[in-house]
Each structure stands twice: as structure tokens, then as C-alpha cells.
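[1] Sequence and predicted structure are below.
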Amino acid sequence: MNPIFVFDIETIPDVNAGRKLHEFTDLDDQAVAEAMFAKRRAETDGSDFLPHYLHQIVAISVVLRSRDSVKVWSLGDLDANEAELLERFYSGIARFTPTLVSWNGSGFDLPVIHYRSLVHGVAGPRYWETGADDNQFRYNNYLNRYHERHTDLMDVLAGFQARANAPLDKIATMLGFPGKMGMSGANVWDNYCAGDLAGIRNYCETDVLNTYLVYLRFEMVRGHISESQYLDECQLLQDTLETQAAEHLQAFLQQWQAAG
């Protein structure tokens, strides 16, 4: 079984870039962020969702399914800086050459990771491989939209049609999984300003668990695993979560089991 590496990121405004690009030099971080949001609203139909290159990563959470185990965690310690998070992300790919799985990873997470890698000069040669050094990657690499080394579930399930895209929360809940827990992406900046990085990481971990469960369901319907194997994988995850002391993981498990 090829290792499965499900990932999700959480971001805040890159206020340093905001200062450089928009000359918000006399403002503190929160004021710079508000100015960036206001500028974005003026440029769009009222959305304050910033361009990809103006996001800074504060959490990368992962579910790793390898050999006989499954593990969920957030990369780095609470005080790890963005460059370290990126280094750990690329290190996991270099170590396992896994199948990457995401929800909207092609549309958001990976482009943000690309820009932030440029900012910090963090190299990830295994991730960027397209066949020049490893011929196997010519026909199946992480960058091609239609290859399977990275499976963007939202993109694939929508048939690569943007008008058919769906939110992870809705699909997960529809399938009997917990869906969003604790907060939403729109609240991350406020929580970060309040010093709740741990809460952001916890939220990201529950999102990545939802993504993994949808992926297992997808693997079953496309015939890669049988129904009994799917149920075994779900049971393995439940058994693993039973051993975890973290409150958010116990809450996720209880909500999943209650949904039946």
C-alpha cells in the first residue's frame, strides 16, 4: 500500500507583504490586515478573500496512512515558524513519496505552499519532480492536475468543472462524518490575533480527518478498496482516535459515532 498523506493548511494575511506592496508602513499588524481586506473588497464583488500570494501559513495538518497504522497531527511545534512547516511538509514527501490527498489543494493549498516556498527559499525537489531525474514521475507527478500522486478530491469529484465544486463541510456531513468543528477558515485570523494557534491547529486536524474519510469513501466507489476494506479502514481510524487524549479528537470521534 502506497502511503496516503492527507493535508490541509490554515493561513493568515501576510502583513509583511502587505506593507511592502501597499506601503502600509505606519500601521500595526491588525490594521495592515484590515487595510488588506478592505482593498480586496474594493477590487472584487465584496469578498475579502486575499490572493494566494498574500497568505501566510500558520498550520499544516496531516493524516498519514502507512503500513498498518494511521496518524493525525500538525507539523511542527506551536512555536515552529512558517519555513519549518514547509520543510517538514517537503520532508514527508521526500521520505515516503506518498499519495497526496486534499480538498481544493490544487486550487488553494498547493499554490500558497508554492509562493511561501519562494518567500523562504525552501526546497522540495521530490515534490517538484516531473521526470527529469525519476522517469516514473514523467507520467505521474504531484503537479499535473490529472495525475494521481496528488488527488484533489474537490476537483476530481466535480469532474474538473468549477461550477460543480462543493464545500468539504457539506460533503462530509452528507456522508455522516462530523464536518466543520470549532471554527471556520474565516475565523482563523481572529483566533490567531487572540493567541489561539492551538485552536487553529485543532480545527485544521478535524478538517483533514474529514478529508481522509471522504477519500476512503471515494476509494471504495472507484473500486480501489472493497466495502469490507472501507469499513476496516474506518474502524482503524476509530480505534486510533480512541487512544488519543486530545479533546478535539475525542469530540470528532464522538460526533462521528453518534452520526452512525
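    Everything's here; your move.

[2] Now do stretch 39-53: distance from first to last residue.
    15 Å (C-alpha to C-alpha, to the nearest Å).

[3] Contacts for that stretch next, please.
    Pro13, Asp14, Ala17, His22, Met36, Phe37, Ala38, Phe108, Pro111, Val112, Tyr115 (C-beta atoms under 8 Å, 6 or more residues apart in numbering). Placement of C-beta: from N, CA and C, glycine included.

[4] in this protein, which spans are helices?
    15-22, 29-43, 82-96, 110-120, 125-128, 136-139, 153-157, 168-174, 188-193, 197-221, 227-242, 247-259 (DSSP state H).

[5] of all the ones you listed, which lies closest to Ile9?
    helix 110-120 (6.4 Å; C-beta to C-beta).

[6] buried ones in the closest one?
    Under the neighbour-count criterion of 16 or more other C-beta atoms under 10 Å, helix 110-120 has Leu110, Val112, Ile113, Tyr115, Arg116, Ser117 buried.

[7] Could you do stretch 42-57 as well?
    Quick answer for stretch 42-57 (16+ other C-beta under 10 Å): Asp48, Leu50, His52, Leu54, His55, Gln56, Ile57.

[8] Likewise for stretch 13-25?
    Buried residues in stretch 13-25, counted by 16+ other C-beta under 10 Å: Pro13, Asp14, Val15, Ala17, Gly18, Arg19, Phe24.

[9] want to try CSV for the contacts of stretch 39-53, with distance to Val156 and pLDDT as columns?
    Converted to CSV, the contacts of stretch 39-53 look like this (distance: C-beta to C-beta, whole Å; pLDDT from 0 to 100):
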residue, distance to Val156, pLDDT
Pro13, 30, 97
Asp14, 29, 97
Ala17, 32, 96
His22, 37, 88
Met36, 32, 95
Phe37, 32, 95
Ala38, 36, 95
Phe108, 15, 98
Pro111, 17, 98
Val112, 20, 98
Tyr115, 24, 98
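
[10] Could you find the closest non-adjacent residue to Asp109?
    Closest residue to Asp109 apart from its sequence neighbours, by C-beta to C-beta, 6 or more residues apart in numbering: Ile9 at 4.9 Å.
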